[in-house]
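Engineer: Give me the fold of what follows.
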Amino acid sequence: MTLGQLREEVWNFLARHDLALHPTPPHGHHPNFLGARRAAERLMATPEFQGARLILAGMDAVLKPLREEALKRGKALLLPHPDRPGEFLLLKDVDPRRLKRVREAYRYGARAELKDQPIDLVLIGAVAVDEEGGWVGKGYGFPQAWLEVAAPFATLAHPVMVYPRLPVPPERRVDLIATPQRLIRP
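Structural biologist: Numbers count the residues shown, from 1 in each chain. Down below sits the predicted model:
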């Protein structure tokens, strides 16, 4: 199996069984899925999320509840610039109700250098993960392959996205995987 075949397997399953939420179809995305909000709540209850002051978060729809809750709790968010790979926007003291769409981060965020930020937690979407912390993404965009941050990486996954062991080499490792039913700490 190739990375592309694994992605297609997951995307097709989510679509075929009506498990994907907006944006649909899930193909080409880190999928938003049925139960994602419960998975996000499970992740929000962790010491890593609760203690984080600055969170680097992807722009995927599945991560929206986490971004909103972080802002509600007074945490700062560092977001990848939607149009400029390698550039980031820092949001502090922003009312999450003002961010109806992710692209509005342009208005409220200030340019920031990744290397200058004391990041406490990294939130990324996923296409597939495994019980050992292996992670496969959508194949482009954030998080870039070069992204190295000395903070825990966390993701959300539907149970069908979680493999005992990925059938391909993982693209990176994650430290926390929240599903609607459980929290996995590889």
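Engineer: which residues of this structure fall in strands?
Structural biologist: Counting by DSSP state E, the chain has strands at residues 54-57, 76-80, 88-91, 110-112, 121-124, 128-130, 134-136, 153-156, 162-163, 172-173, 176-178, 183-184.
Engineer: lowest-confidence stretch among those strands?
Structural biologist: Mean pLDDT values for the strands of the chain show the minimum at strand 110-112, a mean of 85.
Engineer: dump the residue contacts of the residue nearest the centre of the chain.
Structural biologist: Centroid check for the chain by C-alpha atoms, centre = their mean gives I124 as the closest residue, at 2.3 Å. Applying C-beta atoms under 8 Å, 6 or more residues apart in numbering to I124 gives the contacts H30, G58, D60, L63, W135, G137, F142, P143, F153, A154, T155, V174. To be clear about C-beta, it is placed using only N, CA and C from the backbone, and glycine gets the same treatment.
Engineer: I'd like to know how far it sits from L63.
Structural biologist: 8 Å (C-beta to C-beta, to the nearest Å).
Engineer: quick one, longest helix in this structure?
Structural biologist: In the chain, assigned by DSSP state H, the helix with the most residues is helix 3-16.
Engineer: Next, the residue nearest to P80 when sequence neighbours are not counted: phi, psi?
Structural biologist: Once flanking residues are discounted, P80 sits nearest to F142: 4.2 Å by C-beta to C-beta, 6 or more residues apart in numbering. Per-residue torsions, F142: phi -80, psi 140 (degrees, to the nearest 10).
Engineer: what does the model give F142 for pLDDT?
Structural biologist: Predicted confidence (pLDDT) at F142: the value is 82.
Engineer: Can you find the helix or strand of this protein with the lowest average pLDDT?
Structural biologist: helix 105-108 (a mean of 72; mean pLDDT, DSSP states H and E).
Engineer: which helices and strands sit right next to that one?
Structural biologist: If contacts are counted by 3 or more C-beta pairs under 8 Å, 6 or more residues apart in numbering; DSSP states H and E, helix 105-108 sits against strand 88-91.
Engineer: For the residue nearest to the centre of the chain, name its beta-bridge partners.
Structural biologist: In this entry, I124 is beta-bridged to T155, by DSSP bridges.
Engineer: same check, this time on the one 4 residues further on
Structural biologist: For A128, the residues forming beta bridges with it (DSSP bridges) are V136.
Engineer: any idea how far it is from P96?
Structural biologist: Going from A128 to P96 by C-beta to C-beta gives 29 Å.
Engineer: Which one of these two is surrounded by more residues?
Structural biologist: Just comparing A128 and P96: by other C-beta atoms under 10 Å the higher neighbour count belongs to A128, 25 against 16.
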